[in-house]
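Q: Here is my input; please provide its structure:
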Amino acid sequence: MEASDPNTARFTAYPNPALDRIRIEVGSTEAEPVDWVLIDLQGRLVQRGTDWAPFELELSGLVAGVHLLHLNQGQHTEVIQITKAY
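A: Residues are numbered from 1 along each chain as shown. Sure thing, here's the model as predicted:
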């Protein structure tokens, strides 16, 4: 799909870096839940879930540093680098 397609999922995560929580928003008109997986840089599963956007991820129990958030909504997949602040 082209970037101008209104059904293209465009995930936004903020604030980033974050201390306690990060908010995920989807700039898409699709009425589908978002499946997500949060992994650390060693490839270990940290968290996973399914939510309706917008939603928040709890980060307070994570080790500070960079994590990768894999998001999937329908046919759209994206990976966002999340930084848990010190």
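
Q: OK, contacts around Asp20?
A: Contact partners of Asp20, counting by Cβ atoms under 8 Å, 6 or more residues apart in numbering, are 58-60. Using the backbone N, CA and C atoms, a C-beta is placed for each residue, glycine as well.

Q: Looking at these, which are in strands?
A: Among the contacts of Asp20, the residues falling in strands (DSSP state E) are Glu58.

Q: Tell me which of the contacts of Asp20 has the lowest pLDDT.
A: On pLDDT alone, Ser60 ranks lowest of these, at 90.

Q: Give me the spatial nearest neighbour of that one, chain neighbours excluded.
A: Nearest non-adjacent residue to Ser60, counting by Cβ to Cβ, 6 or more residues apart in numbering: Asp20, 4.7 Å away.

Q: just Gly65 next, same as before
A: In this structure, Gly65 finds its nearest non-sequential neighbour in Lys84, 6.1 Å apart by Cβ to Cβ, 6+ apart.

Q: and Ile39, what element?
A: Per DSSP states H and E: Ile39 is located in strand 34-40.

Q: Other residues contacting that strand?
A: Strand 34-40 has contacts (Cβ under 8 Å, 6+ apart) with 11, 24, 26, 45-53, 55, 57, 63, 65, 67-73, 82.

Q: so what does the helix or strand just after it touch, helix or strand wise?
A: Downstream of strand 34-40, the first helix or strand assigned by DSSP H and E is strand 45-51. Here strand 45-51 touches strand 34-40, going by 3 or more Cβ pairs under 8 Å, 6 or more residues apart in numbering; DSSP states H and E.

Q: for the strand it packs on, what is the average pLDDT?
A: Strand 34-40 shows a mean pLDDT of 97.

Q: Sheet partners, orientation included, of that strand?
A: When pairing is defined by DSSP bridges, strand 34-40 lines up against strand 45-51 (antiparallel), strand 65-73 (antiparallel).
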